[in-house]
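Participant: generate coordinates for the sequence data below:
(2 chains)
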There are 2 protein chains.
Amino acid sequence: KHTFNLSSKMPSQLESAMDALMTVFYNYSGNDGDKYKLNKGELKELLNSELTDFLTSQKDPMLVEKIMNDLDSNKDNEVDFNEFVVLVAALTVACNDFFQEQQKKKK
Amino acid sequence: KHTFNLSSKMPSQLESAMDALMTVFYNYSGNDGDKYKLNKGELKELLNSELTDFLTSQKDPMLVEKIMNDLDSNKDNEVDFNEFVVLVAALTVACNDFFQEQQKKKK
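Facilitator: This is a model prediction of the structure:
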């Protein structure tokens, strides 16, 4: 398990979240091929185990394919960390939009 | 404390990280003014307590100002969640680049 000691003392919640993003990425990218990139199989594995509900809630069998094409901005059939962070940011923003809608409905 | 139950069962490491990004943001944005946005004071508080080492390692007294201007893409003098996620992504990518440099030096 890689731990990226971002700070000398106890990491803050935000630092732990950033650390987790890197740790998750490398848990899957390190499996085969380029250690620093996710090939399609590794991306699929990551999505299946890390975002199980998200993936199963989507009915589109081609979803992983589409995500791969969207993410793979440099078209090397692999997803590097920078491309991966874009996915996480987009998903988090989607969750946040959903959260804000719920909050506004409550008023 | 907001918990965004992204999944019915135990959240995965990635889901917890996404949850933490939202929780941290709302811990500070909710202080005053618009509950869903960080004004400059709230951004400064967030950076000081969540990214202490990062901030102190930078000698630039105008750093928060610069970050605010960079993030505030819609120029409303506030940072919303989408703008905040851009900061987190950029910082995480910077940490990752640093990590990869270290790894390559080890070889």
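Participant: just the element for the closest residue to A:V93 other than its chain neighbours, please.
Facilitator: The shortest distance from A:V93 to any residue other than its chain neighbours is 5.2 Å, reached at B:N82 (C-beta to C-beta, 6 or more residues apart in numbering or on different chains). Every residue, glycine included, has its C-beta placed from N, CA and C. In this structure, B:N82 sits in helix B:81-106 according to DSSP states H and E.
Participant: what residues sit buried inside that helix?
Facilitator: B:81-93, B:95-96, B:99 (16 or more other C-beta atoms under 10 Å in any protein chain shown).
Participant: what residues sit buried inside the strand or helix carrying A:T56?
Facilitator: With secondary structure defined by DSSP H and E, A:T56 is part of helix A:52-57. Buried residues in helix A:52-57, counted by 16+ other C-beta under 10 Å: A:F54, A:L55.
Participant: immediately after it, which helix or strand?
Facilitator: Using DSSP H and E, the helix or strand that directly follows helix A:52-57 along the chain is helix A:63-71.
Participant: for the lowest-mean-pLDDT helix or strand in chain A, list the C-alpha coordinates in CSV.
Facilitator: Using mean pLDDT, DSSP states H and E, the weakest-scoring helix or strand in chain A turns out to be helix A:52-57, at a mean of 80. Output in CSV follows, covering the C-alpha atoms of helix A:52-57 (Å, rounded to 0.1, in the frame of the first residue of the first chain):
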residue,chain,number,x,y,z
THR,A,52,-19.9,-0.8,-7.7
ASP,A,53,-23.3,0.9,-7.2
PHE,A,54,-22.5,3.6,-9.7
LEU,A,55,-21.7,1.1,-12.4
THR,A,56,-24.6,-1.3,-11.7
SER,A,57,-27.0,1.6,-11.6
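Participant: just checking, what packs against that helix?
Facilitator: The helices and strands touching helix A:52-57, judged by 3 or more C-beta pairs under 8 Å, 6 or more residues apart in numbering or on different chains; DSSP states H and E, are helix A:40-50.
Participant: how about residues contacting stretch A:88-105?
Facilitator: Counting by C-beta atoms under 8 Å, 6 or more residues apart in numbering or on different chains, stretch A:88-105 makes contact with A:21, A:51, A:54, B:2, B:4, B:6, B:14, B:17-18, B:21-22, B:36, B:81-82, B:85-86, B:88-89, all of which sit outside it.
Participant: since that was my last question, I'll sign off now.
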